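Chemist: Coordinates for the following, if possible.
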Amino acid sequence: MKNSDDLNSLEIRRKQASIIANTGRKIGYSIFFLSLIIFAIGLTVEFTNLVATTLVALLIAGSVVLAPSILLHYAVRGAEKDEREQNR
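Modeler: Below is the predicted model of the structure:
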């Protein structure tokens, strides 16, 4: 009985980690896309210090959000793959 509860708990935690990873990846890629748009606007209108500062802040924020999300995504995928191989 306890083994079944452990498996359900593990499955729930893995699903939560997957949701967090997917949300983080969407947010991170959106931040990078926004920085690309601001860069294009800065090139076409006027590239001021405000544009440069905003770009740096967005690139740092995107990296802080995206890097752990990608790692968590690969960790979840690896755990799912390992579980499939063990259940053969």
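
Chemist: Residue 57 and residue 79, how far apart?
Modeler: Separation of residue 57 from residue 79 (Cβ to Cβ, to the nearest Å): 34 Å. Quick note: C-beta positions are derived from backbone N, CA and C, even for glycine.

Chemist: wait, what's in contact with residue 72?
Modeler: Residues near residue 72 by Cβ atoms under 8 Å, 6 or more residues apart in numbering: 17, 20-21, 24.

Chemist: Give the buried residues for stretch 51-68.
Modeler: In terms of neighbour count (16 or more other Cβ atoms under 10 Å), stretch 51-68 has its buried residues at 51, 54-55, 58, 61-62, 65-66.

Chemist: Name the surrounding residues that touch it.
Modeler: The list of residues contacting stretch 51-68 from outside it, by Cβ under 8 Å, 6+ apart, reads 24-25, 27-29, 31-32, 34-35, 38-39, 41-42.

Chemist: So which of the buried residues of stretch 51-68 is the closest to residue 9?
Modeler: Relative to residue 9, the closest of the buried residues of stretch 51-68 is residue 65; by Cβ to Cβ it sits at 27.2 Å.

Chemist: Find the helix or strand that the closest one is a member of.
Modeler: helix 49-86 (DSSP states H and E).

Chemist: any idea of the mean pLDDT for that helix?
Modeler: Taken as a whole, helix 49-86 has a mean pLDDT of 95.

Chemist: ditto for stretch 26-46
Modeler: Here the average pLDDT along stretch 26-46 is 96.
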